[in-house]
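[1] Let's see this in three dimensions:
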Amino acid sequence: MRLQFRGKIYEAPHTEWDVNEGEVGGLYRGKPWKVHHLKEQHRQRQNKTELTYRGIPYIKD
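    Residues are numbered from 1 along each chain as shown. Below you'll find the predicted structure:
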């Protein structure tokens, strides 16, 4: 997906998750909705991220 913010254009990563439908969690506008559970547990990557704030680059751990 191509996005733009304050004149900078970048590509957003596309992530798909495998999910299992669970039990009914409640009603929304009179129709039931189901709870979804991830098929496998995912952990966030612990990469250092290079960011820029007001033109000043820094690294977030």
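[2] Would you mind naming the helix or strand containing the residue nearest the centre of the chain?
    For the chain, Thr15 is the residue whose C-alpha lies nearest the centre (C-alpha atoms, centre = their mean; 7.5 Å). Using DSSP states H and E, Thr15 sits in no helix or strand.
[3] distance of it from Lys60?
    Relative to Lys60, Thr15 is positioned 20 Å away (C-beta to C-beta, to the nearest Å). In this view, the C-beta of every residue, glycine as well, is placed from N, C-alpha and C.
[4] one step back: please tell me how far the residue nearest to the centre of the chain sits from Tyr28.
    According to C-beta to C-beta, Thr15 and Tyr28 sit 24 Å apart.
[5] again with Ile9
    With C-beta to C-beta as the criterion, Ile9 and Tyr28 are 36 Å apart.
[6] ok, now His37?
    Distance from His37 to Tyr28, by C-beta to C-beta: 18 Å.
[7] OK, contacts around the closest residue to Tyr10 other than its chain neighbours?
    The shortest distance from Tyr10 to any non-neighbouring residue, by C-beta to C-beta, 6 or more residues apart in numbering, is to Leu3 (5.8 Å). With contacts defined as C-beta atoms under 8 Å, 6 or more residues apart in numbering, the neighbours of Leu3 are 9-12.
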